[in-house]
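S.K.: just a sequence and a predicted model for now, questions to come.
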Number of protein chains: 2
Amino acid sequence: MHLTREDLKKMHRVRRLNLINGISGIKPANLIGTKSKSGIPNVSIFSSIVHIGSDPGLIGFITRQSGDVVRNTYNNICQTGHYTINHIHESFIENAHYTSAKFDAEVSEFEQCYLTEEYLYKFPAPFVGESKLKFGLKLVEEVNIKSNGTKMIIGQVQEIILPENCLDDKGYLRLDKLSDVGIGGLSSYYNLRRIKSFPVAKVGELPEFGGER
Amino acid sequence: MHLTREDLKKMHRVRRLNLINGISGIKPANLIGTKSKSGIPNVSIFSSIVHIGSDPGLIGFITRQSGDVVRNTYNNICQTGHYTINHIHESFIENAHYTSAKFDAEVSEFEQCYLTEEYLYKFPAPFVGESKLKFGLKLVEEVNIKSNGTKMIIGQVQEIILPENCLDDKGYLRLDKLSDVGIGGLSSYYNLRRIKSFPVAKVGELPEFGGER
């Protein structure tokens, strides 16, 4: 099946949305926790979280600020400068999914979606109690994307909370031991089974690929 | 286990790299195909591909341009304005992984890693023959990330090639039917099993969460 740019333009809006949201492959499933200056907490699901750098630890996500839609996560981060990212596990995918409904700013998605608002180590933004791997970030950069008016919000990792037994002996995270999930498109959830880890790839140490593809 | 910013600073470089590369959760596994102006093809694995928008279809990825490391993918995209993104399936994860070795610019990673260089529908950049879902992009924006000198490269989707049977009746992609994989950290590969799809979340249509978390 071959679709051109013209086919995409003519496609029904919802089908295009589903297709284009899916073609980048599996996406990470995280909840972002924030609090407004006036103290109202917010938690919302994001699939656009992306690694930017390791030293210092920088993580980005994409947010749309279009028209009359109020983006509480973005507004709260601008107001307080802090937020949390919390992995979603298989046990609460439904609760996590429904945080994407358009709740009013004065409503707590934690309460509405039965997720636990948790404050740890004096970090100013709420963590998700159900999440085993979570980290607190400080806003460091807001990047405007001219092509469609979205923004990438970049934060520096301040605190990481994780269960010790999700790290293997090399310090690699075992996402399967966390029962982490991934998101396909806008609303499909996948669980993960680890296949294999490879060493860092070096030109002089390529495996023999003969007939393997 | 609780790690502060100071703990991260003091951590061994490789352990920090492994940890911070993993904490965003599962990442998409894709190969980017390019060709230099002088005709040398390149293919390289990327886990930082992120959805930016659906209409038009815009996809970003992060690239580092630091020091003396030549980034052939980036250079080729600047030279020609076109590139391809190709899903990685379980059958060729090892071939795909080893494209991350630092090959010289005049070497074809397709040849070195036994992947098939494929040209389709007169698109100017090479696709990966082994990949069932792949799309061609035109460079539209290059965004500088000041915090660490990386860039986000944004392309507009021009052509999509996919097997018809990987779409369900709602137009959702079935990543499991494609045998797609995800990446954890720098070098762990996971396969995907679909758990569930939920409807678009609406405030008036929340499920009953009682005791579910």
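M.R.: Great, that's in hand.

S.K.: and stretch A:167-182, how far apart are its ends?
M.R.: End-to-end span of stretch A:167-182 (Cα to Cα, to the nearest Å): 19 Å.

S.K.: what comes up buried for it?
M.R.: A:Leu167, A:Gly171, A:Tyr172, A:Leu173, A:Arg174, A:Leu175, A:Asp176, A:Leu178, A:Ser179, A:Asp180, A:Val181, A:Gly182 (16 or more other Cβ atoms under 10 Å in any protein chain shown). Where you see a C-beta, it was placed from the backbone N, CA and C, and this is true even at glycine.

S.K.: ok so the second one is a strand residue?
M.R.: No. The assignment for A:Gly171 by DSSP: H, G, I helix; E, B strand; the rest coil gives coil, which leaves it out of any strand.

S.K.: that one contacts B:Asn18, correct?
M.R.: Yes. With contacts counted by Cβ atoms under 8 Å, A:Gly171 reaches B:Asn18, the gap being 4.5 Å.

S.K.: give me the common contacts of the two.
M.R.: Common contact partners of A:Gly171 and B:Asn18 (Cβ atoms under 8 Å, 6 or more residues apart in numbering or on different chains): none.

S.K.: returning to that earlier point: adding pLDDT and secondary structure, write the buried residues of stretch A:167-182 out as a markdown table.
M.R.: Listed next are the buried residues of stretch A:167-182 as a markdown table, based on pLDDT from 0 to 100; DSSP: H, G, I helix; E, B strand; the rest coil:
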| residue | pLDDT | secondary structure |
| --- | --- | --- |
| A:Leu167 | 91 | strand |
| A:Gly171 | 81 | coil |
| A:Tyr172 | 89 | coil |
| A:Leu173 | 95 | strand |
| A:Arg174 | 96 | coil |
| A:Leu175 | 97 | coil |
| A:Asp176 | 97 | coil |
| A:Leu178 | 97 | coil |
| A:Ser179 | 97 | coil |
| A:Asp180 | 98 | strand |
| A:Val181 | 98 | strand |
| A:Gly182 | 98 | strand |
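
S.K.: now, among the residues you listed, which is nearest to B:His82?
M.R.: Among the buried residues of stretch A:167-182, A:Gly182 lies closest to B:His82 (Cβ to Cβ), at 28.5 Å.

S.K.: was I right about that closest one contacting A:Gly22?
M.R.: No. A:Gly182 sits out of contact with A:Gly22 when judged by Cβ under 8 Å, with a separation of 11.7 Å.

S.K.: is stretch A:76-87 up against chain B anywhere?
M.R.: Yes. Against chain B, stretch A:76-87 shows contacts by Cβ under 8 Å from any Cβ of the partner chain at A:Ile85, A:His87.

S.K.: likewise stretch A:162-169?
M.R.: Yes. Applying Cβ under 8 Å from any Cβ, one finds stretch A:162-169 touching chain B at A:Leu162, A:Pro163, A:Glu164, A:Leu167.

S.K.: find the nearest non-adjacent residue to the last one, please.
M.R.: Put plainly, it is A:Leu167. A:Leu173 (6.3 Å; Cβ to Cβ, 6 or more residues apart in numbering or on different chains).

S.K.: do the third one as well
M.R.: The spatial neighbour of A:Glu164 that comes closest, neighbours along the chain excluded (Cβ to Cβ, 6+ apart), is B:Met1 at 4.6 Å.

S.K.: the one you found: how many residues sit nearby?
M.R.: B:Met1 is flanked by 12 other residues according to other Cβ atoms under 10 Å in any protein chain shown.

S.K.: so which bits of stretch A:149-159 are buried?
M.R.: Judged by neighbour count (16+ other Cβ under 10 Å), stretch A:149-159 contains these buried residues: A:Thr150, A:Lys151, A:Met152, A:Ile153, A:Ile154, A:Gly155, A:Gln156, A:Val157, A:Gln158, A:Glu159.

S.K.: now the closest residue to A:Ser147 other than its chain neighbours: which helix or strand?
M.R.: Computed as Cβ to Cβ, 6+ apart, the closest residue to A:Ser147 that is not its neighbour in sequence is B:Glu141, at 4.9 Å. Assigned by DSSP states H and E, B:Glu141 belongs to strand B:134-145.

S.K.: and the helix or strand following that strand, how far from the chain's centre?
M.R.: Once the chain leaves strand B:134-145, the next helix or strand it forms, by DSSP H and E, is strand B:150-161. Distance of strand B:150-161 from its chain centroid, counting by Cα atoms, centre = their mean, to the nearest Å, is 10 Å.
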